[in-house]
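J.: this one's sequence-less:
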């Protein structure tokens, strides 16, 4: 500890107490002769690279400069924000008292402000993160430039051609305007989101027909077919109902629930190296090599029902072998059989790969957002900062914030959240409709909680399973209503 603190002007340590341990990293409340701090130990190999951590730190500092509620780390005596001691990477953050709030604890107006906040995050990341990154020695060009892991990278936000004229017109007149915002406009939006986002007006309420499940030829009450909207890349998934937390927690890390809000390696969950895939354990996701742009990386495929059917059979075998049978086993068996029947019914609605991507937080849920009173104080845990479909992060966040214990979504709150998100992010209704479809499909194929329980003996997510498993069924039945809430 002494060697670490000598790298900072933070005084001498008095106490160092662990906070609720997250899934990826370790955190401590550090009291010194100069104040209170949050010390983050970047422990997980996938997120512990000092260069990647420094990039996250630069991003949060730039966001803070725009007025986004974040808590950037403190620089050391040498100006660096990452301290490497004994081969381990650490960062020192200010301690910010705050509380986590689930959607049930937010008013409808506050839900609108929450959606506006995420929209401001996405729009601001578009300003401060690179869309084109020079390799060492390369001369600059006309695109937005910066650094990303020392490689030449180009983010092309639309990876597929528009599927219809509506989507094309939206891109020409709306979505692409976001990247042209000047710094002043983004800064003003970040400063004003808490005051304006709760309003019910929405300039894009004139949604074209046929974007939800019942339009464009879909059967009444059933999810829309993949060809009916511009669908987006698969990405991480969230599940479950976070429990209520009233404990003060630091900036720089979140006090995690006893059960995680999502699996620790969520990106591309249906690739063979993901815990949801029958092949097994999570491995680091490879970044593009031998490619000059992210756009050249093949889009991640959505879940293949054939893989999911095989996984269901494996999990049912685990349930049968568990003796004596308990209530969790009974519920797991019921949900697995139920999900298999739903997948057989909706297998033709698998969304295709491709879509529009941008920089996202990567892990937006109640336990990564601290409130001070009624206002957000800090968005924390930026370890998964990366390029993913932006609208899908908005839908996944809503599915965690607004899920009820019975496994239904609070649609009025989700509607207020989505309207405000679209306004501040510059997202179109068709983008949200496609994201709803892809996240619904993820949920229909997602069994990470059961894999943790039966394959790892990890029961931290057990309390979330009843609501999460019920949500997939309810969402399928109420697909049109859910879609309408996000685009109406």
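T.: Ah, there it is. Worth saying up front: this structure is predicted, and the values here are computed from it rather than measured.
J.: quick check: pLDDT value at residue 488.
T.: For residue 488, the pLDDT comes out at 89.
J.: I'd say it and residue 415 touch.
T.: Yes. Shown here, residue 488 and residue 415 form a contact pair, counting by Cβ atoms under 8 Å, at 6.4 Å. (Each C-beta comes from the backbone N, C-alpha and C, glycine too.)
J.: mind checking which of those two has more residues around it?
T.: Taking other Cβ atoms under 10 Å, residue 488 and residue 415 do not tie; residue 415 has more neighbours (23 against 17).
J.: so that one, which state does it fall into?
T.: Assigned with DSSP: H, G, I helix; E, B strand; the rest coil, residue 415 falls in the helix class.
J.: roughly how far apart are the residue lying closest to it once chain neighbours are set aside and residue 479?
T.: Of all residues not flanking residue 415 in the chain, residue 485 sits nearest, at 4.4 Å (Cβ to Cβ, 6 or more residues apart in numbering). Separation of residue 485 from residue 479 (Cβ to Cβ, to the nearest Å): 11 Å.
J.: now do residue 101
T.: On the measure of Cβ to Cβ, residue 101 and residue 479 end up 28 Å apart.
J.: likewise for residue 415?
T.: From residue 415 across to residue 479, the span is 15 Å (Cβ to Cβ).
J.: would you map the strands across the stretch 1-150 of the chain?
T.: For the stretch 1-150 of the chain, the strands defined by DSSP state E, counting those that start in this stretch occupy 13-18, 26-32, 35-42, 83-85, 88-94, 132-133, 145-146.
J.: who are the packing partners of the fifth one?
T.: Looking back up the chat, that one is strand 88-94. strand 35-42, helix 50-65, strand 83-85 (3 or more Cβ pairs under 8 Å, 6 or more residues apart in numbering; DSSP states H and E).
J.: could you do the second one as well?
T.: Here strand 26-32 is seen to pack against strand 13-18, strand 35-42 when contacts are counted using 3+ Cβ pairs under 8 Å, 6+ apart.
J.: I'd assumed residue 318 was in a strand, is it?
T.: No. Counting by three-state DSSP, residue 318 is not found in a strand; it is helix.
J.: distance check, it against residue 368.
T.: 31 Å.
J.: next: residue 48.
T.: 18 Å.
J.: picking that back up, make JSON lines out of the strands of the stretch 1-150 of the chain and add mean pLDDT.
T.: What follows is these, written out as JSON lines (pLDDT from 0 to 100):
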{"stretch": "strand 13-18", "mean pLDDT": "89"}
{"stretch": "strand 26-32", "mean pLDDT": "87"}
{"stretch": "strand 35-42", "mean pLDDT": "90"}
{"stretch": "strand 83-85", "mean pLDDT": "86"}
{"stretch": "strand 88-94", "mean pLDDT": "91"}
{"stretch": "strand 132-133", "mean pLDDT": "47"}
{"stretch": "strand 145-146", "mean pLDDT": "42"}
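J.: what's the burial count for residue 115?
T.: 29.
J.: next one: residue 18
T.: Residue 18: 11 neighbours (other Cβ under 10 Å).
J.: that one pairs with what?
T.: residue 28 (DSSP bridges).
J.: tell me which element residue 441 falls in.
T.: helix 429-444 (DSSP states H and E).
J.: that helix: what's the following helix or strand?
T.: helix 448-451.
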